[in-house]
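>>> Prediction below, plus the sequence it came from.
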Amino acid sequence: LLAGALAQSVGHCWVADIWDDPRLGMDIEGRPANPLRYFNRTYNRSLLFLVRRRLRGADLIVISLVPTLLEAYGVDPDAENVLAVTNGVDVRYTQSTATDDLMPSQTRSDDVRLLYLGPVREARGLGLLLDALERLDGERHLTLRLVGNVRKQDQVWFEQDRAEKSLDHVDVQVVGAVEHDRALSEVAAADVCLCLLSPAVRNYHFAYPIQVLEYMALGKAIAGTRLGGTERVFTDEERALLVPPDGTGALARSLDRLVSASGLRQRLGATARENVDQYDWERINDRIGERLQTLRATDR
């Protein structure tokens, strides 16, 4: 923001790119519990002050979130200086890198494999997921693999919540953080992929999660939370099954359908894969590049 103001002061254009809600830092930090968090909160408050004062003055705003977010910062999302894009995926790389040759000894041959990819946190809907899995009848054995960073406090919460549930029919495997290529292989090996977000974090209402685009590129059946960004990517019952962010029963019913019907999984996965090219980074970058060229020509 300060660099943009300085650029404009000497006659250059200022391009502001927004890939997360400026409030995200405060939402993630939560209530300050130590001096470092007080410092982080002060920093984030200062950032928000600058955003509200300066953002509308940018020559171009590139936002990879649902553009209505800009209204909170005094910017018209339909203004001429706003370019709304989405997050993206390198489709060819994703499809060429992923393999499904995970160790067969880790799952039973009759398992349906569920995959959650992302930070293992309550705010990512994992409490909702465990509640929904408990409601399934248990006739079919499931494997749930959680692939992503696990902080100590989140691990304590997760283990306690899992212990309180009746999940004998689910083999829960906390894989932890892995390299990107390995994560793509985990997606390739899964039958159902999950993207469950809590509405308590405002950023999630506007985000286009990259992992769902990777799920699409690999032709996977997806169960996801119905929020602003995911609703723009998915058509319910066509590219994914969407559920309310607090809908334990709805999620349980969707998982039961996906677990029970391989034909439904194949149909959703095929439709998702057919539509993923519009989210390829090359196309998104071309749009941004064309707009920057126009801005540069105008600046001259």
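Now that the structure is in, tell me what you want to look at.

>>> From residue 193, how far off is the residue nearest the centre of the chain?
Taking CA atoms, centre = their mean as the criterion, residue 209 is the residue nearest the geometric centre of the chain, at 2.3 Å. Here residue 209 is placed at a distance of 11 Å from residue 193 (CB to CB, to the nearest Å). Using the backbone N, CA and C atoms, a C-beta is placed for each residue, glycine as well.

>>> same check, this time on residue 50
Distance of residue 50 to residue 193, computed by CB to CB: 38 Å.

>>> out of those two, which sits in the busier spot?
Neighbours per residue, other CB atoms under 10 Å: of residue 50 and residue 193, the larger number sits with residue 193, 27 against 15.

>>> all strands of the stretch 151-300 of the chain, in order?
170-176, 192-195, 221-225, 241-243 (DSSP state E, counting those that start in this stretch).

>>> again but with the stretch 1-150 of the chain, I slipped
15-18, 60-63, 82-84, 112-117, 142-147.

>>> I'd like these written out as TSV, with mean pLDDT added.
Listed next are these as TSV, based on pLDDT from 0 to 100:
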stretch	mean pLDDT
strand 15-18	93
strand 60-63	96
strand 82-84	97
strand 112-117	95
strand 142-147	96
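
>>> Let me know which of those strands is the nearest to residue 184.
Set against residue 184 and scored by CB to CB, the strands of the stretch 1-150 of the chain come closest in strand 112-117, at 9.3 Å.

>>> helices and strands around the closest one, which ones?
strand 142-147, helix 180-189, strand 192-195, helix 210-217, helix 248-260 (3 or more CB pairs under 8 Å, 6 or more residues apart in numbering; DSSP states H and E).

>>> 10 Å instead, please
Packed against strand 112-117, as judged by 3 or more CB pairs under 10 Å, 6 or more residues apart in numbering; DSSP states H and E, are the following elements: helix 126-135, strand 142-147, strand 170-176, helix 180-189, strand 192-195, helix 210-217, helix 248-260.

>>> Pull out the buried residues from stretch 285-296.
288, 291, 295 (16 or more other CB atoms under 10 Å).

>>> what pLDDT does residue 34 get?
Note on residue 34: pLDDT of 67.

>>> want to try a markdown table for the strands of the stretch 151-300 of the chain, with mean pLDDT and distance to residue 98 as columns?
Formatted as a markdown table, the strands of the stretch 151-300 of the chain follow (pLDDT from 0 to 100; distance: least, CB to CB, whole Å):
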| stretch | mean pLDDT | distance to residue 98 |
| --- | --- | --- |
| strand 170-176 | 94 | 16 |
| strand 192-195 | 96 | 12 |
| strand 221-225 | 96 | 15 |
| strand 241-243 | 96 | 22 |
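
>>> out of these, nearest to residue 72?
strand 221-225 (20.8 Å).

>>> For that closest one, which strands pair with it and how are they oriented?
strand 192-195 (parallel), strand 241-243 (parallel) (DSSP bridges).

>>> Dump those strands into JSON lines; add distance to residue 90 as well.
Compiled in JSON lines, these are given as follows (distance: least, CB to CB, whole Å):
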{"stretch": "strand 192-195", "distance to residue 90": "18"}
{"stretch": "strand 241-243", "distance to residue 90": "25"}
